[in-house]
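Peer 1: please work out how this folds:
(chains A and B)
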2 protein chains.
Amino acid sequence: MIPLGRVAILGTGQIGTMVGMALRAAPDHAVAGVAVWDRDPAAMEACLRRAGSDRLLKGPEEALDSDLIILATPVAQIVGLVRELGPRLAPGQLLVDTGSSKLEVVRAMQRSVPEKAGAVGGHPLCGSSEPGPWSADPALLKGATFVLCPVRADPLALGTARRLVETLGSIALELDAGEHDRLLARSSHLPHLVAAALAEMSGDVPTRALFSSGLRGAVRLARSDPAMVASFVRANLEEVRAASRELSWQLDRLLMAADAGEEQLVAELERARLRARQVGVN
Amino acid sequence: MIPLGRVAILGTGQIGTMVGMALRAAPDHAVAGVAVWDRDPAAMEACLRRAGSDRLLKGPEEALDSDLIILATPVAQIVGLVRELGPRLAPGQLLVDTGSSKLEVVRAMQRSVPEKAGAVGGHPLCGSSEPGPWSADPALLKGATFVLCPVRADPLALGTARRLVETLGSIALELDAGEHDRLLARSSHLPHLVAAALAEMSGDVPTRALFSSGLRGAVRLARSDPAMVASFVRANLEEVRAASRELSWQLDRLLMAADAGEEQLVAELERARLRARQVGVN
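Peer 2: As a prediction, the model looks like this:
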């Protein structure tokens, strides 16, 4: 495999640290060195202890001598870093991010990264419900889907991004950035809000006795880290809002079917059951 | 323990068969005999094979010589059976049901069962996602919550119903019938529809790769038996509709908090997380 060269990771939260650990555990020559930076010195220190690191950076701009720069900060900061570092990238350098929403990041990359340098939007679908470098576990990257969103037609950049994903042990899934945001709003961001809403509605249940195991599954996502959920919901707010409207509409449809009769509702529920099977729910 | 006497179970689906199996496994003298009936001869035959039975009834009216009559048919049929059998109950006899919505049943009991006889609404919160006598497992009753809804102030009837619940190995939880329906709409019936709606919305997800294990939990209820879900949703439709409106309102509140800022949304999600912990979700 062609080596990835010198890698810089900006942002050493759970994902950044996990990626750093996986890259440092990669076979010889795959990676020529891993430099890390975080605006929080404690997070950088924690990443260093967990992943080890060849170099601690004093600021994001020190990443500019790396072959591959991975932006693993919260989405809001990713866009700022793209604007700051993008215009200074040279031919052969690649910028990849790990943010949970992609359209805004990919658009910033289109505007800020010169055509001669490379940029690809990325989103690894893994991570535990606890944030921070101490909960980083590179095993979570193994077999996980790592979405790659092309910034422009650039087979070289996409090829290098795919090599990164392979090195991490993840499985690349190429998706348009807007499509990624639309799908993630429906498969992840809205379900987190729904779980929170259902949990809130069950707040006056006199006893946990009324909750079966199946129902606990429906609100389990409400136990996720609030800062993490707030971050990805706000970064994809318009798609989440659209998904919420669609949920209301789907519920109204089911209630109308219930009004119409047993058979109509059963037919709708049969269809939903088929869909659940299609996405691998068992 | 005072024995329950002769028991008749009308409706030998999963719950009826499960109750029959548990009663026939009860210690000597707790139950003087179990008679069963179902309008579907195949279901009655299956119950007989699983639970054994002291007597097969030719029709519901043959249950009238029992001390305890348990109505375990779908809710729509329970109300009909209450109207048919209720007025013919004698002092000392007790009528209990196992339907998933309670207000309509309890009101029918108030109207049809004479004061000298006893009636109590019941709802065992257990059962697997597959319906029918063949999936009946009396182990599911052990430790399960069995809601009891008083029909009128009648300590004798409630005491006998509690003895039934104890004999089954379940834990009695006394609730007003309307309160039961309001809570169950929020903790069970609506979440089933939400899971179906989310499954339907994920139908165009190009790959199951976008679904994490947490998200699979959110739509797992969509795999439940459609006929069973349709039956309990339609039996409690007005409360489910009210709960659906409340969910829309809660989601709007969360989206408004997201508009207002990171801190506001985090505060809302923190509160929901606390509620989730309170109902025992981990």
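Peer 1: quickly list the domain ranges of chain A.
Peer 2: According to automatic domain parsing, chain A comprises the domains A:5-175, A:180-278.
Peer 1: which of those comes out lowest on mean pLDDT?
Peer 2: Ranked by mean pLDDT, those bottom out at domain A:180-278, which scores a mean of 89.
Peer 1: how far does that one stretch from one end to the other?
Peer 2: Domain A:180-278 has an end-to-end distance of 19 Å (criterion: Cα to Cα, to the nearest Å).
Peer 1: before we move on, back to that, same list (the domains of chain A) but as TSV, adding distance to B:L57.
Peer 2: Bear in mind the C-beta positions are built from the backbone N, C-alpha and C, glycine included. Below are those laid out as TSV (distance: least, Cβ to Cβ, whole Å):
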stretch	distance to B:L57
domain A:5-175	52
domain A:180-278	26
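Peer 1: reformat the ones you listed as a markdown table; add distance to B:C126 and mean neighbour count.
Peer 2: As requested, the domains of chain A are exported to a markdown table (distance: least, Cβ to Cβ, whole Å; neighbours: other Cβ atoms under 10 Å in any protein chain shown):
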| stretch | distance to B:C126 | mean neighbour count |
| --- | --- | --- |
| domain A:5-175 | 28 | 20 |
| domain A:180-278 | 7 | 21 |
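Peer 1: with distance to chain B as added columns, please give those in TSV.
Peer 2: Below are those laid out as TSV (distance: least, Cβ to the nearest Cβ, whole Å):
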stretch	distance to chain B
domain A:5-175	4
domain A:180-278	4
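Peer 1: and the nearest residue to A:D65 once chain neighbours are set aside, what element?
Peer 2: The shortest distance from A:D65 to any non-neighbouring residue, by Cβ to Cβ, 6 or more residues apart in numbering or on different chains, is to A:R6 (7.3 Å). Using DSSP states H and E, A:R6 falls within strand A:5-10.
Peer 1: before we move on, what about A:A172?
Peer 2: According to DSSP H and E, A:A172 maps onto strand A:171-174.
Peer 1: for that strand, output the C-alpha coordinates as CSV.
Peer 2: C-alpha atoms of strand A:171-174 as CSV (Å, rounded to 0.1, in the frame of the first residue of the first chain):
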residue,chain,number,x,y,z
ILE,A,171,-15.2,0.6,5.2
ALA,A,172,-15.5,3.6,2.8
LEU,A,173,-18.9,4.6,1.6
GLU,A,174,-18.9,7.4,-1.0
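Peer 1: for it, name the packing helices and strands.
Peer 2: When contacts are defined as 3 or more Cβ pairs under 8 Å, 6 or more residues apart in numbering or on different chains; DSSP states H and E, strand A:171-174 packs onto strand A:145-150, helix A:155-168.
Peer 1: of all the ones you listed, which one is nearest B:D28?
Peer 2: Of all the helices and strands packed on strand A:171-174, strand A:145-150 sits nearest to B:D28, with 58.4 Å by Cβ to Cβ.
Peer 1: now the closest one - C-alpha only, PDB.
Peer 2: Extracted C-alpha coordinates of strand A:145-150, given in PDB (Å, rounded to 0.1, in the frame of the first residue of the first chain):
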ATOM      1  CA  THR A 145     -18.700   2.700   7.800                       C
ATOM      2  CA  PHE A 146     -16.500   5.800   7.000                       C
ATOM      3  CA  VAL A 147     -18.500   8.100   4.700                       C
ATOM      4  CA  LEU A 148     -16.400  10.000   2.100                       C
ATOM      5  CA  CYS A 149     -17.900  13.000   0.300                       C
ATOM      6  CA  PRO A 150     -16.100  14.200  -2.800                       C
END
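Peer 1: could you pull up the residues touching the residue nearest the centre of chain A?
Peer 2: Nearest to the geometric centre of chain A sits A:S100, at 3.5 Å (Cα atoms, centre = their mean). A:S100 sits next to A:75, A:123, A:184, A:189, A:231-232, A:235-236 when contact means Cβ atoms under 8 Å, 6 or more residues apart in numbering or on different chains.
Peer 1: which stretch of helix or strand covers it?
Peer 2: Assessed by DSSP H and E, A:S100 sits outside every helix and strand.
Peer 1: phi, psi of it?
Peer 2: phi -80, psi -10 (degrees, to the nearest 10).
Peer 1: gap between it and A:L141?
Peer 2: With distances taken as Cβ to Cβ, to the nearest Å, A:S100 is found 15 Å from A:L141.
Peer 1: what do you get for A:E200?
Peer 2: For A:E200, the distance to A:L141 - Cβ to Cβ - is 33 Å.
Peer 1: what number of residues lie near A:A177?
Peer 2: 22 (other Cβ atoms under 10 Å in any protein chain shown).
Peer 1: quick check: it touching A:G122?
Peer 2: No. If you go by Cβ atoms under 8 Å, A:A177 and A:G122 don't touch, sitting 10.6 Å apart.
Peer 1: between the two, what contacts are shared?
Peer 2: With Cβ under 8 Å, 6+ apart as the test, A:A177 and A:G122 both reach A:C149.
Peer 1: following the longest helix along chain A, which helix or strand comes up?
Peer 2: If each helix of chain A is counted by residues according to DSSP state H, the longest one is helix A:237-260. Once the chain leaves helix A:237-260, the next helix or strand it forms, by DSSP H and E, is helix A:262-278.
Peer 1: quick one: that following helix to helix B:237-260, angle?
Peer 2: 40 degrees (axes from the mean of the first three to the mean of the last three Cα atoms, to 10 degrees).
Peer 1: tell me the helices and strands packed up against helix A:262-278.
Peer 2: Helix A:262-278 packs on helix A:237-260, helix B:190-201, helix B:226-235, going by 3+ Cβ pairs under 8 Å, 6+ apart.
Peer 1: what about the residue nearest to the centre of chain A, distance to B:R6?
Peer 2: 62 Å.
Peer 1: same question for A:L103.
Peer 2: Going from A:L103 to B:R6 by Cβ to Cβ gives 69 Å.
Peer 1: equivalent analysis for A:A30, please.
Peer 2: From A:A30 across to B:R6, the span is 76 Å (Cβ to Cβ).
Peer 1: with A:V96 instead?
Peer 2: Taking Cβ to Cβ, one finds A:V96 at 74 Å from B:R6.
Peer 1: how about A:A276?
Peer 2: Relative to B:R6, A:A276 is positioned 44 Å away (criterion: Cβ to Cβ).
Peer 1: same check, this time on A:A157
Peer 2: Relative to B:R6, A:A157 is positioned 79 Å away (Cβ to Cβ).
Peer 1: A:M109 now?
Peer 2: Using Cβ to Cβ, we find A:M109 at a distance of 77 Å from B:R6.
Peer 1: got it, and A:T167?
Peer 2: Taking Cβ to Cβ as the measure, A:T167 falls 72 Å from B:R6.
Peer 1: which residues in the stretch 51-200 of chain A form strands?
Peer 2: With DSSP state E, counting those that start in this stretch as the criterion, the stretch 51-200 of chain A has strands at A:55-56, A:68-71, A:94-97, A:118-124, A:145-150, A:171-174.
Peer 1: partners of the first one in the sheet?
Peer 2: For strand A:55-56, sheet partners with direction are given as strand A:31-37 (parallel), following DSSP bridges.
Peer 1: who touches the strand it pairs with?
Peer 2: Contacts for strand A:31-37 (Cβ under 8 Å, 6+ apart): A:3-12, A:16, A:20, A:23-24, A:44, A:47-48, A:51, A:53-60, A:62-63, A:66-67, A:167.
Peer 1: same deal with stretch A:262-274?
Peer 2: A:253-254, A:257-258, B:195-197, B:199-200, B:222-224, B:226-227, B:229-231, B:233-234.
Peer 1: again, only this time at 10 Å
Peer 2: The contact list for stretch A:262-274 (Cβ atoms under 10 Å, 6 or more residues apart in numbering or on different chains) reads A:250, A:253-261, A:281, B:74, B:76, B:192-193, B:195-203, B:219, B:221-231, B:233-234, B:237.
Peer 1: may I have that stretch as CSV, with CA atoms only?
Peer 2: Once non-C-alpha atoms are left out, stretch A:262-274 reads as follows in CSV (Å, rounded to 0.1, in the frame of the first residue of the first chain):
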residue,chain,number,x,y,z
GLU,A,262,-57.6,-2.5,11.4
GLU,A,263,-56.7,-3.7,7.9
GLN,A,264,-55.3,-0.3,6.7
LEU,A,265,-53.2,0.1,9.8
VAL,A,266,-51.9,-3.5,9.6
ALA,A,267,-50.9,-2.9,6.0
GLU,A,268,-48.9,0.3,6.9
LEU,A,269,-47.2,-1.5,9.8
GLU,A,270,-46.3,-4.5,7.6
ARG,A,271,-44.6,-2.1,5.2
ALA,A,272,-42.7,-0.5,8.0
ARG,A,273,-41.6,-3.9,9.3
LEU,A,274,-40.2,-4.7,5.9
